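J.: Pasted the sequence and its predicted model underneath.
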Amino acid sequence: MTINKLFNVLVLGGSMLVSTNGHASNDLTTDKIAFCTSTNECKEALSCTDQGDVIKKMVPKDGISCCWGTSCADLDALDSND
Amino acid sequence: MIKTPQAVKQIWANRKKIELEAAALFAQIAKEAKVIWGNNNAITDLANQAYQDEQRHADLCQKIIGTKKTPIQKLNLEVQLGPNHLSRVEQLVYTSISLSCVTETLSTALLLEMKKLAQPKIIRDTVHEILTDEIRHSRIGWAILATLPKNYDLSWVSMYIPAILNEAYQTEVKPMLSRNYDNQSLEPWGILSPKKSNLIVAKTIKEVIKPGLNKFNIKISA
């Protein structure tokens, strides 16, 4: 677990606590997902903006999206497949 | 059995005091959130849980300090939330940022490093338990910012951020650092050196707190 992952775990995870569908993962021991929520909420929360090396990705699965730090290119590729 | 050094006991006694102060603040946040957002809001539940957690943390610190029972301190739960001239909502926002978004976020980052270095079982177990809770406590502040209406202007907070950061460092981080001791020898006891702590604090402000506050349109120049 590195400090830059704390942005997803704390800031975005905290925001998810008050969203209607979000679930914030508490796992700090691995590089697993920061949280899962509906795809629409994930898109809204994780607009692909470069904030230093904190960049986010979402992958839809079974009606929800799980989000964690990766590159904007992956998100762009996902959008182009919609 | 390894004897706990006196310097370690002193620093964990500082942490106990800090945990009890945080407990009082979370209790007040829970109370104010109930007034502002009504019954059954998520923030009140989370802050009430944090209030309980922080008291348990103080008990854990006491176990490291020593086995002698000390009288249970009665918490003063009528603490002031933020500067007097701010409105009720602004005071809640100010305190949430100061306590959760800044202090608990820094604490999480420092505990992550402490967890890597801790050796005696009592230290490892305590650091692990506090770290798990501090993640939730930090999230409360970010959750409060996310709860505010999207058109709520938070730019007024920016002017307070330098003082909030300084206060967090002076009252929450510095008392937990080794000073005139052999820095390396205290790391297994959960006491980080000032040099290592300063690096973690600077990185956490740059990579977590600053972009986190920016997300809510709060700018910081640090």
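T.: Received, thanks. Residues are numbered from 1 along each chain as shown, chains lettered A, B, ... in the order given.

J.: Name the residue of chain A that lies nearest to chain B.
T.: Residue of chain A nearest chain B, by CB to the nearest CB: A:Gly14 (2.8 Å). (Glycine included, C-beta is placed from N, CA and C.)

J.: quick one: that residue is in a strand?
T.: No: using DSSP: H, G, I helix; E, B strand; the rest coil, the assignment for A:Gly14 is helix, not a strand.

J.: hang on, it packs against B:Thr147?
T.: No: counting by CB atoms under 8 Å, A:Gly14 stays clear of B:Thr147, with 10.0 Å between them.

J.: Following element in sequence after the helix or strand hosting B:Phe26, please.
T.: Mapping B:Phe26 onto the secondary structure by DSSP states H and E places it in helix B:6-37. Next helix or strand after helix B:6-37 toward the C-terminus (DSSP H and E): helix B:42-65.

J.: That following helix and chain A in contact?
T.: Yes: counting by CB under 8 Å from any CB of the partner chain, chain A has neighbours in helix B:42-65: B:42-43, B:46.

J.: quick one: buried residues of that helix?
T.: B:42-44, B:46-51, B:53-55, B:57-58, B:60-62, B:64-65 (16 or more other CB atoms under 10 Å in any protein chain shown).

J.: Alongside chain A, which residues does chain B contribute?
T.: Residues of chain B lying near chain A by CB under 8 Å from any CB: B:42-43, B:46, B:105, B:108-109, B:112, B:131-132, B:135-136, B:138-143, B:145-147, B:200, B:203-204, B:206-208, B:211-212, B:214-215.

J.: make it 6 Å
T.: B:42, B:105, B:109, B:138-139, B:142-143, B:146-147, B:203-204, B:207-208, B:211-212 (CB under 6 Å from any CB of the partner chain).

J.: Let's see the PyMOL selection covering just the buried ones among those residues.
T.: Those of those that count as buried under 16+ other CB under 10 Å are selected in PyMOL with:
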select buried, chain B and resi 42+105+109+138+139+142+143+146+147+204+207+208+211+212
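
J.: Run through chain B and note the low-pLDDT ranges.
T.: Scanning chain B for pLDDT under 70 picks out B:1-2, B:67-75, B:77, B:178-184, B:222.

J.: This completes my enquiry, with thanks.
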